[in-house]
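Chemist: got a structure for you, letters missing:
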């Protein structure tokens, strides 16, 4: 749900039938019975459409797949299921209000959730006062890690997610799965690839405690409450969520964290000045999640390895003329991520 980062110029998705939407909202018992919903498109992702819905004094968000993205309907159905499962947990998220897979309502499946009142670091960097108050900024990092720890602590079976992922053998599959994915579009050499892959195979943790994992957990995919002190308002963009090893989310957070990641200039999109050392974050995560973080370097190497390959798929499309110029910036990021994966594998004390 990255599309809830709604500052800037709205996108122009297909028009919604406000009459049909309002009748559906009446049937679902949503606020403003009998009123016609006010609808405004919000900016966001390219494969999904997001709208702000106002009715009965309540602000909601409606999300549906784009007209040319039928496969996204299944992804959005998974998102809605996950949001429903999180309802009685302490994981910050946008509360699900309802949804339908009936295309007769609005032409495509959709779901409705609360509209998050907050700000995203992707709206131009740190918002005030975090842009100048470094003590307050440090709190953002602890809140980010706190969200990941709360996810990891959820009883996913009790939440109805027993068949949401395939946690058994999750780590066993990672290296081969992503190398196989890369083989389908590989067009250049990636220094460090083989070294990182070999190290990951040799240093895979013997076991892990399965839990909910976001799959792309970072500052780009959360929203914070306005003003200090820092408070996580919602985790967003659940498209890659599954049940697996939640420590990979923590590794994702630390992909370019100081000081080890200070030379990563291409992969950073925020100023890390004032953010706490990773040891402090690991202590907080372990305390909230109950998980052992002593093998965190494995997860940072895996996160860099995986993210590099995910981004390389877009770079390959760009190289073939099948993606626009915005994708070109991923090229050096991929090289940097794979280089740093191999470098950490080479220098870590994890044995």
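Modeler: Arrived safely. Computed from a predicted model, the values in this text were never measured in an experiment. Numbers count the residues shown, from 1 in each chain.

Chemist: any idea which element residue 111 lies in?
Modeler: Here residue 111, judged by DSSP states H and E, is contained in strand 110-114.

Chemist: run through who's touching that strand.
Modeler: Here strand 110-114 makes contact (C-beta atoms under 8 Å, 6 or more residues apart in numbering) with 1, 25, 28, 30, 53, 59-64, 76, 79-80, 83, 94-100. Glycine gets a C-beta too; all of them are placed from N, C-alpha and C.

Chemist: please convert the buried members of those into ChimeraX selection syntax.
Modeler: Filtering the contacts of strand 110-114 down to the buried ones (16 or more other C-beta atoms under 10 Å) takes a single ChimeraX command:
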select :1,25,30,53,60,61,62,63,64,76,79,80,83,94,96,97,98,99,100
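
Chemist: show me the contacts of strand 110-114 that map onto strands.
Modeler: Of those, the ones assigned to strands by DSSP state E are 53, 59, 60, 61, 62, 63, 64, 96, 97, 98, 99, 100.

Chemist: could you list the low-pLDDT ranges of the protein?
Modeler: 1-14, 44-46, 351 (pLDDT under 70).

Chemist: which segments of this protein make up each domain?
Modeler: 2-114, 121-347 (automatic domain parsing).

Chemist: may I have the phi/psi pair for residue 118?
Modeler: Phi and psi for residue 118, reported as degrees, to the nearest 10, are phi -180, psi -170.

Chemist: show the contacting residues for it.
Modeler: By C-beta under 8 Å, 6+ apart, the contact set of residue 118 is 223, 224, 225, 226, 233, 234.

Chemist: how about those residues, which pair is most distant?
Modeler: Using C-beta to C-beta, the pair of the contacts of residue 118 lying farthest apart is 226 and 234, separated by 12.9 Å.

Chemist: how close does residue 92 get to residue 140?
Modeler: Residue 92 is 13 Å from residue 140, where distance means C-beta to C-beta, to the nearest Å.

Chemist: likewise residue 119?
Modeler: Taken as C-beta to C-beta, the span from residue 119 to residue 140 is 11 Å.

Chemist: on that earlier part again, show me what the strand holding residue 111 pairs with in its sheet, parallel or antiparallel.
Modeler: Sheet pairing for strand 110-114, assigned by DSSP bridges, gives strand 58-65 (antiparallel), strand 96-100 (antiparallel).

Chemist: residues touching the shortest one, excluding its own?
Modeler: What that stands for is strand 96-100. Contacts of strand 96-100 (C-beta under 8 Å, 6+ apart): 24, 28, 30, 60, 80, 83-84, 87, 109-114.

Chemist: with the first one instead?
Modeler: Taking contacts as C-beta under 8 Å, 6+ apart, the residues outside strand 58-65 that touch it are 1, 3-4, 16, 21, 30-32, 39, 42, 47-54, 71-73, 75-76, 79, 94, 97, 106, 108-117.

Chemist: go again using 7 Å as the cut-off
Modeler: Strand 58-65 has contacts (C-beta atoms under 7 Å, 6 or more residues apart in numbering) with 1, 3-4, 31-32, 47-53, 72-73, 76, 94, 97, 106, 108-115.

Chemist: equivalent analysis for stretch 242-257, please.
Modeler: Here stretch 242-257 makes contact (C-beta under 7 Å, 6+ apart) with 144-145, 148, 151-152, 156, 161, 164-165, 167, 170-171, 208, 210-218, 261, 264, 267-268, 278, 285, 291, 293, 296, 299-300, 302-304, 307.
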